[in-house]
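In: I would like the atomic coordinates for the input below:
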Amino acid sequence: MLYRITWICFLFFSLHAPGFAQNTSITLSGVVIDAAGDAPLPYVNLMLTTVKDSQFVAGTITGEDGRFTLSPVKPGNYTLKCTYLG
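Out: Numbering: from 1, shown residues only. The predicted structure follows:
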């Protein structure tokens, strides 16, 4: 009986373990600051595109404190384009 319980537990965890190890999405966050590095930039337009073909993935605008968050984003190689008028 103990052998059967051990075997069932082993099968359960071995079949489900690969699903726990992979991230299906990530959150990209940060702060946009000026070139001198001393002041955050508010209301900067951010656009995340793929490196391969520059396809649009996600976009946002920084807050008054220069902080931004892009979520959910699949793991991969991207380019983050920032535009600021002023």
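
In: buried residues in stretch 24-34?
Out: 28, 32 (16 or more other Cβ atoms under 10 Å). Any C-beta I mention is one placed from the backbone N, CA and C, and that applies to glycine too.

In: Show residues contacting it.
Out: 39-41, 44, 46, 48, 62, 65-75, 80, 82, 84 (Cβ atoms under 8 Å, 6 or more residues apart in numbering).

In: can you tell me the distance between the two ends of it?
Out: 33 Å (Cα to Cα, to the nearest Å).

In: Stretch 40-56 now?
Out: Chord length of stretch 40-56, first to last residue, is 25 Å (Cα to Cα).

In: Over to stretch 32-52?
Out: Span of stretch 32-52 from end to end, Cα to Cα: 24 Å.

In: buried ones in that stretch?
Out: 32, 41, 44, 46, 47, 48, 49.

In: Please narrow the contacts of stretch 24-34 to those residing in strands.
Out: Judged by DSSP state E, strands contain the following of the contacts of stretch 24-34: 46, 48, 67, 68, 69, 70, 71, 72, 73, 80, 82.

In: Same list (the residues you listed) but as TSV, adding distance to residue 54 and pLDDT.
Out: Compiled in TSV, the ones in strands among the contacts of stretch 24-34 are given as follows (distance: Cβ to Cβ, whole Å; pLDDT from 0 to 100):
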residue	distance to residue 54	pLDDT
46	15	93
48	11	93
67	25	92
68	20	94
69	22	94
70	16	92
71	21	89
72	20	90
73	16	91
80	12	93
82	15	91
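
In: Narrow those to those that are buried.
Out: Buried among the ones in strands among the contacts of stretch 24-34 (16+ other Cβ under 10 Å): 46, 48, 68, 70.

In: one step back: between all of the ones in strands among the contacts of stretch 24-34, which two are at the greatest distance?
Out: Taking Cβ to Cβ as the measure, the ones in strands among the contacts of stretch 24-34 reach their widest spread between 72 and 82, a distance of 20.5 Å.

In: Follow the chain on from the helix or strand of the chain with the lowest mean pLDDT and name the next helix or strand.
Out: Of all helical and strand segments in the chain, the minimum by mean pLDDT, DSSP states H and E falls on helix 2-21, at a mean of 56. Tracing the chain C-terminally past helix 2-21 and defining elements by DSSP states H and E, one meets strand 26-31 next.
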